[in-house]
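Undergrad: Next come a sequence and a model predicted from it.
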Amino acid sequence: MPSSMIVSTAAAGGSVLLMYSMYRLFESKNTNAKIGFTESLSPSGKTTFLVAGDVGGTNSRFALHLPGKKEPLLMHIYRNEEVLQDSNSYHHATLKPFFEKCLAEVEQWMGLSEEEMTSKVQVVACLAVAGPVKADNSVFMTNIANGCRIDGNEIERCTDGLLGLVVRCKLVNDFVGQGYGLLDLDLEEEVVELIPGSKARIDKLGPKACVGAGTGLGECFLTINSLAPELGYECYPCEGGHVDWVSRGPLEAELHEFLKAKFGAATRVSTERVVSGRGLANVYEFLAQKFPERVDHAIHDEFLKAGDQQGRVVGMNSTKEGSLMQQATNIMITSYGAEVGNAALKYIPTGGLYVSGGLTPKNIRLIQGLDSPFMKAYFDKGRMTSLCESIPLFAVMNEDIGLRGARVCAERGFLVPKNI
């Protein structure tokens with residue numbers, strides 16, 4: 001049987017299901033040996049390059065790769081708030097200048113005119129975006145100020161300058177990108193065990209889950225077919241960051257009422273309103289109103305002028321003993337641990353539960369350690385505490401796993417014909 005497909009005959013009815021799976025073999029450690037490609041020429045004779053994108057509420061990160069190569073030829077980050085102000089489309093604001101930067105700085109592109117580029121080069125792209133991707137390969141991102149629509153099919157059709165290089169542009173949920181990025185992690189160098197012995201307890205056939213706080217709060221889970229584990233893991237998105245947030249004491253009950261009023265909610269508040277960079281800003285805003293006598297006016301003025309970076313201002317000052325910034329961060333981190341504990345109960349991820357996102361490495365001092373605010377809330381599950389204790393639990397110390405996962409998905413786009 002060819003390695004690129006598996007034929008599965010159903011027990012009832014004798015029907016045959018053909019599963020195209022060559023691209024999933026990419027996830028194995030012996031990728032190049034199994035796939036067997038060493039060059040990037042397409043059937044048209046053009047050289048194929050991969051573009052991986054990680055599009056969050058604050059930043060858009062892009063990386064240019066050759067197929068089969070993990071090391072990028074070029075990486076660049078764009079601040080969404082800055083580049084989207086005067087642009088008619090997301091791809092003109094970000095991808096077009098990225099390609100122009102590649103043309104100026106990437107050895108394989110330098111010296112070529114735009115006309116030569118379009119005859120010799122094609123790009124397969126995958127953008128991992130912070131929002132629910134529709135079946136038509138588009139997304140409307142609410143985490144970007146004033147909202148932003150990204151359409152993969154429109155990007156493919158665009159012929160404006162170097163944007164015409166793109167022959168495929170697949171959009172995936174940002175946490176699908178995070179999920180596939182987990183498979184690229186070095187567990188010896190890039191994670192911290194939050195429960196001792198977690199690495200040894202990983203079930204190689206067990207589900208995995210990921211919860212990560214950054215600008216927003218995202219979650220995903222991965223499963224593997226135990227009858228055909230060589231196909232690797234498949235990742236599924238969810239909107240777990242928008243489950244109900246539950247207060248854990250009288251002060252948080254007041255915070256709950258404050259957030260309902262702020263966001264015009266009659267009965268509930270999403271966990272993301274607390275567990276995220278913007279959530280941290282929400283908590284600080286509540287505390288500043290509740291305890292005006294404790295406000296540090298210099299920091300508060302900086303906070304008010306910080307725009308979408310308000311959470312960063314709070315976080316940078318969170319080590320000030322007894323400050324509102326410290327108190328806000330502790331509330332956020334405690335809620336973070338509680339939600340990761342919820343994920344442990346919902347997914348029972350015996351293949352590993354990974355805490356990712358930009359806020360994780362920045363706050364590792366409050367996350368690591370069995371007596372940390374994060375871990376105390378994680379374990380606080382009553383009769384189910386022992387189940388939480390049994391889950392392999394890790395903090396991801398790298399912030400680029402979404403970009404890595406987008407590269408994996410772009411690689412799949414290169415390997416698999418579009419009509420499959």
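TA: Everything's here; your move. Numbers count the residues shown, from 1 in each chain.

Undergrad: Okay, helices next: where are they in the stretch 251-400 of the chain?
TA: Secondary structure of the stretch 251-400 of the chain (DSSP state H, counting those that start in this stretch): helices located at 277-290, 297-304, 310-316, 324-347, 359-362, 364-367, 373-379, 385-390.

Undergrad: you'd agree residue 110 is in a helix?
TA: No - under DSSP: H, G, I helix; E, B strand; the rest coil, residue 110 falls outside any helix and is assigned coil.

Undergrad: Mean neighbour count, distance to residue 96 and mean pLDDT for the helices of the stretch 251-400 of the chain - can I get that in a markdown table?
TA: For glycine as for every other residue, the C-beta is placed from the backbone atoms N, C-alpha and C. Shown next, in a markdown table, are the helices of the stretch 251-400 of the chain (neighbours: other C-beta atoms under 10 Å; distance: least, C-beta to C-beta, whole Å; pLDDT from 0 to 100):
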| stretch | mean neighbour count | distance to residue 96 | mean pLDDT |
| --- | --- | --- | --- |
| helix 277-290 | 23 | 28 | 98 |
| helix 297-304 | 14 | 34 | 98 |
| helix 310-316 | 21 | 28 | 97 |
| helix 324-347 | 23 | 37 | 98 |
| helix 359-362 | 22 | 31 | 96 |
| helix 364-367 | 18 | 37 | 98 |
| helix 373-379 | 22 | 41 | 98 |
| helix 385-390 | 14 | 47 | 98 |
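
Undergrad: Include distance to residue 98 when you put the ones you listed into a markdown table, please.
TA: Compiled in a markdown table, the helices of the stretch 251-400 of the chain are given as follows (distance: least, C-beta to C-beta, whole Å):
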| stretch | distance to residue 98 |
| --- | --- |
| helix 277-290 | 24 |
| helix 297-304 | 31 |
| helix 310-316 | 24 |
| helix 324-347 | 32 |
| helix 359-362 | 25 |
| helix 364-367 | 31 |
| helix 373-379 | 36 |
| helix 385-390 | 42 |
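
Undergrad: Of all the ones you listed, which one comes closest to residue 47?
TA: Closest to residue 47 of the helices of the stretch 251-400 of the chain is helix 359-362 (C-beta to C-beta; 36.1 Å).

Undergrad: just to revisit the earlier point, and of the helices of the stretch 251-400 of the chain, who's closest to residue 46?
TA: For residue 46, the closest of the helices of the stretch 251-400 of the chain is helix 359-362, at 39.2 Å, according to C-beta to C-beta.

Undergrad: thinking again about what came up before, the helices of the stretch 251-400 of the chain: which one's closest to residue 247?
TA: helix 324-347 (9.1 Å).

Undergrad: quick one, the closest one and helix 277-290 angle?
TA: In terms of direction (axes from the mean of the first three to the mean of the last three C-alpha atoms, to 10 degrees), helix 324-347 departs from helix 277-290 by 130 degrees.

Undergrad: so how far is helix 324-347 from its chain's centroid?
TA: 18 Å (C-alpha atoms, centre = their mean, to the nearest Å).

Undergrad: who's in contact with the nearest residue to residue 362 once chain neighbours are set aside?
TA: The shortest distance from residue 362 to any non-neighbouring residue, by C-beta to C-beta, 6 or more residues apart in numbering, is to residue 315 (6.2 Å). With contacts defined as C-beta atoms under 8 Å, 6 or more residues apart in numbering, residue 315 is in contact with 277, 280, 325, 329, 359, 362-363.

Undergrad: give me that answer again for 7 Å
TA: 280, 329, 362 (C-beta atoms under 7 Å, 6 or more residues apart in numbering).

Undergrad: Show me which residues of the helix or strand containing residue 200 are buried.
TA: Taking DSSP states H and E as the criterion, residue 200 maps to helix 198-201. By neighbour count with 16 or more other C-beta atoms under 10 Å, helix 198-201 contains the buried residues 198, 201.

Undergrad: Would you mind getting the angle between the helix or strand just after it and helix 277-290?
TA: Next helix or strand after helix 198-201 toward the C-terminus (DSSP H and E): strand 208-213. Relative orientation of strand 208-213 versus helix 277-290 (the same axes, to 10 degrees): 40 degrees.

Undergrad: Note down every partner strand of strand 208-213 and its orientation.
TA: Each strand paired with strand 208-213, and its direction, by DSSP bridges: strand 217-224 (antiparallel), strand 353-356 (parallel).

Undergrad: okay, these, which one's buried deepest?
TA: Among these, strand 353-356 has the highest mean neighbour count (mean count of other C-beta atoms under 10 Å), at a mean of 29.

Undergrad: Which pLDDT value belongs to residue 8?
TA: Listed pLDDT for residue 8 reads 35.

Undergrad: Also the one 10 residues further on?
TA: Model confidence at residue 18, given as pLDDT, is 31.

Undergrad: With the one 3 residues further on instead?
TA: With respect to pLDDT, residue 21 has a value of 39.
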